[in-house]
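In: got a structure for you, letters missing:
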């Protein structure tokens with residue numbers, strides 16, 4: 001994950017590295033995803049990895065619905 005100041009900054013970085021732009025998230029959305037994804041305490045005995053369905057449901061709840069978030073391909 002990379003953080004950028006603006007769309008222009010993204011375009012310049014992509015041009016400099018000859019790479020296409022990837023998925024873009026607002027910092028607020030990125031924080032919401034991080035808290036939701038890493039919030040459960042993995043030290044707890046009942047913790048388990050999310051299923052694909054659970055992960056995709058979480059992404060959808062956060063408004064992350066573009067093909068980038070499809071875990072089945």
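Out: Received the coordinates, thanks. None of these values were measured; they are calculated from a predicted model.

In: residue at max distance from the center of this protein?
Out: residue 45 (26.2 Å; CA atoms, centre = their mean).

In: tell me who's in contact with that one.
Out: Residues near residue 45 by CB atoms under 8 Å, 6 or more residues apart in numbering: none. Any C-beta I mention is one placed from the backbone N, CA and C, and that applies to glycine too.

In: what about it, which SS state?
Out: coil (DSSP: H, G, I helix; E, B strand; the rest coil).

In: which residues in the protein form helices?
Out: 7-17, 27-38, 52-61 (DSSP state H).

In: what's the mean pLDDT across the longest one?
Out: Read that as helix 27-38. Mean pLDDT, computed over helix 27-38, is 92.

In: elements contacting it?
Out: helix 52-61 (3 or more CB pairs under 8 Å, 6 or more residues apart in numbering; DSSP states H and E).

In: check which helices and strands the helix it packs on sits against.
Out: helix 27-38.

In: next one: the helix it packs on to chain centre, how far?
Out: Relative to its parent chain, helix 27-38 has a centroid offset of 8 Å by CA atoms, centre = their mean, to the nearest Å.

In: what residues sit buried inside it?
Out: Residues of helix 27-38 classed as buried by neighbour count (16 or more other CB atoms under 10 Å): 32, 33.

In: ok, back up a step: looking at the helices of the chain, spot the one closest to residue 73.
Out: When these are compared by CB to CB, helix 52-61 sits nearest residue 73, at 11.1 Å.

In: what's the angle between the closest one and helix 27-38?
Out: Interaxial angle, helix 52-61 versus helix 27-38 (axes from the mean of the first three to the mean of the last three CA atoms, to 10 degrees): 150 degrees.
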